[in-house]
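Chemist: Show me the folded form of this:
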Amino acid sequence: MSPRSTARRILPFAMLSLAALGGCEAFRGPSQTARPGTSAASMSGLRSPERVAVESILRGRRLQEQGLDKQALAEFERAIENNPLLSTAHMAAGDLYMRQGDFEMAAKRYGTAAELAPASFDAQFKFGEALQSLGQLVESVAAYLKALAIRPNDFKANSNVATAYLQLGKPEQALPYAEKAVKLNPRDGGARTNLGAIYAGMGRHEDAVTEYLQANELLPPSPQLLLNLADSLQKAGQFEQAANTIDQLVRIEPSAVAYERLGTIKFRMKQYDESEAAFRKALEQDANHFPAMNGAAVCLLNKYLWDNNDEARLEAIKFLRRSLQIRADQPRIKDLADKYRVSR
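Modeler: Presented below is the predicted three-dimensional model:
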């Protein structure tokens, strides 16, 4: 081989070594020709932290599609480590933390995404959901309101902020959002239930009954919905309808709470024997249900007062004392126990 041909063969390697030693632009073959405006740093940084972060997100999404959430989450966290400013990585990680029930980490990730992308509805809304799951209701409302500023007619955001306000004991603030949610989706039974609860919280029980009845037509049988309906019917003075509702409930799912509510309704209807029987049914379901003990005691004290039945008084005192053992902070029950402790 001639010296000249040897020189041609080693020349490219010499150029590469000189470029590396001198800090100059790395050698590019014909397939690596830079586009106009492409810097040397961008061409040489194909494995930069930003690039690694993007690759991690892509891997994470593939793993998530395969149902490998744990491995996917590790990839999303790796993406955050390499590029903490990548809001999509925070959102992806937050979604998986929410699915796992780790609301604290979900709130952390969504909160960062909301800061990085303040105009993102999803970031603000999901941050609100995570905060609500943590019971941080004031902060949750603030996040939902930011989401609604971006997308005012979103059904879920209106519904959720109404629920958060109701949980804060602020039904008046909840009302416009709950009404808007029903207007946006009138066939949603959950939204109807929510609006009914808000009306009930405002003392508007006839309006609550209307919403609960419509929700009952839209949803599968729900014990809680029937309890809410019965309560509002009772407070609206519709005792017969309230009793019928509870009768329907105990056929679906008998419980101490249901029988105790039935006992209260029957007492309001002056059906005292049926009331006492319902309270005793409640105690068969749960021997420690103190509201039913209180109800049964009141029925027995009435027997004592009407018929001078001292056995009824003694049984009533036992119920009241047992109730106070379970929950001491019942001043009216304590007064009753003290008043009738000794036969008059």
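
Chemist: where's the nearest residue to residue 130 once chain neighbours are set aside, which helix or strand?
Modeler: Leaving out its chain neighbours, the residue that sits closest to residue 130 by C-beta to C-beta, 6 or more residues apart in numbering is residue 107, at 3.8 Å. No exception for glycine: its C-beta is placed from N, CA and C like everyone else's. If you go by DSSP states H and E, residue 107 is part of helix 103-116.

Chemist: ok, residues contacting that helix?
Modeler: 80, 84-85, 87, 90-91, 93-95, 97-98, 120, 123-124, 126-127, 129-131, 133-134, 136, 143, 146 (C-beta atoms under 8 Å, 6 or more residues apart in numbering).

Chemist: Select only the buried ones of these in ChimeraX?
Modeler: To isolate the buried members of the contacts of helix 103-116 in ChimeraX, using 16 or more other C-beta atoms under 10 Å:
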select :80,87,90,91,93,94,95,97,98,120,123,124,126,127,129,130,131,133,136,143,146
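
Chemist: Could you list the low-pLDDT ranges of this structure?
Modeler: Residues of the chain that meet the criterion pLDDT under 70 lie in 1-47, 342-344.

Chemist: Just want the most central residue of it.
Modeler: residue 133 (4.6 Å; C-alpha atoms, centre = their mean).

Chemist: from memory residue 243 sits against residue 261, does it?
Modeler: No: here residue 243 lies out of contact with residue 261, judged by C-beta atoms under 8 Å, at a distance of 9.4 Å.

Chemist: Spit out the residues that contact the two alike.
Modeler: What both residue 243 and residue 261 touch, as defined by C-beta under 8 Å, 6+ apart, is the set residue 230.

Chemist: So which of the two has more stuff around it?
Modeler: Remark: of residue 243 and residue 261, residue 261 carries more neighbours, 27 against 22, as counted by other C-beta atoms under 10 Å.

Chemist: name the element the more buried one belongs to?
Modeler: Going by DSSP H and E, residue 261 is part of helix 256-268.

Chemist: Quick one: name whatever helix or strand follows that helix.
Modeler: Beyond helix 256-268 toward the C-terminal end (DSSP H and E), the next one is helix 272-285.

Chemist: OK, contacts around the spatially closest residue to residue 330 that is not a sequence neighbour?
Modeler: Nearest in space to residue 330, with sequence neighbours left out and distances taken as C-beta to C-beta, 6+ apart, is residue 324 at 6.2 Å. By C-beta under 8 Å, 6+ apart, the contact list for residue 324 reads 330, 333-334, 337.

Chemist: C-terminal to the helix or strand hosting residue 324, which secondary structure element comes first?
Modeler: Applying DSSP H and E as the criterion places residue 324 in helix 310-326. As assigned by DSSP H and E, the chain's next helix or strand after helix 310-326 is helix 331-339.
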